[in-house]
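Colleague: predicted structure and sequence below. I'll ask about it afterward.
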Amino acid sequence: MAQQYDNTNRGVLFKNNRKEKESQPDYTGTGNWQGQDFQISAGVKEGKNGKFFSFSFQEPYVPGED
């Protein structure tokens, strides 16, 4: 039997292997904050102090709720 984990206040990002345009995120994933699930997008940006991540958080996509 698989062990269950509490993923509250945790998240994960994966490299976006389907990126076709510069405007699309470099990394995508999911996260949870205080029991609320989110989609996470992140882009690698260049600033005066070097490279950094810029994040965006959105409610999860639900098919049919367009």
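Modeller: That came through, no problem.
Colleague: what's the most centrally placed residue in the chain in contact with, if anything?
Modeller: In the chain, the C-alpha nearest the mean C-alpha coordinate belongs to Ile40, at 2.2 Å (C-alpha atoms, centre = their mean). With contact taken as C-beta atoms under 8 Å, 6 or more residues apart in numbering, Ile40 is in contact with 11, 13, 27-31, 55-57. All C-beta atoms are positioned from the backbone trio N, CA, C, and that covers glycine.
Colleague: on the three-state scheme, it is what?
Modeller: Put simply, Ile40 is strand when judged by DSSP: H, G, I helix; E, B strand; the rest coil.
Colleague: and Pro60, by the same measure?
Modeller: When classified by three-state DSSP, Pro60 comes out as coil.
Colleague: now do it, the pLDDT please.
Modeller: Looking at Pro60, its pLDDT is 89.
Colleague: what about it, how many neighbours?
Modeller: Other residues lying near Pro60 total 10 when counted by other C-beta atoms under 10 Å.
Colleague: same question, Gly11
Modeller: If we define neighbours as other C-beta under 10 Å, then Gly11 has 16 of them.
Colleague: same check on Tyr61?
Modeller: Residues near Tyr61, counting by other C-beta under 10 Å, number 8.
Colleague: skipping its backbone neighbours, what lies nearest it in space?
Modeller: Gln39 (6.5 Å; C-beta to C-beta, 6 or more residues apart in numbering).
Colleague: from Gly47, how far out is that neighbour?
Modeller: Gln39 is 24 Å from Gly47, where distance means C-beta to C-beta, to the nearest Å.
Colleague: which of these two has more neighbours?
Modeller: For Gln39 versus Gly47, the count of surrounding residues by other C-beta under 10 Å is larger for Gln39: 15 against 8.
Colleague: what residues are bridge-paired with that one?
Modeller: Beta-bridge pairing for Gln39 (DSSP bridges): Thr30, Gln58.
Colleague: what's it in contact with, if anything?
Modeller: Contacts of Gln39 by C-beta under 8 Å, 6+ apart are 28-30, 57-61.
Colleague: that older thread, tell me how far the residue nearest to Tyr61 lies from Trp33.
Modeller: Remark: distance between Gln39 and Trp33 (C-beta to C-beta) = 12 Å.
Colleague: fine by me, we can end here.
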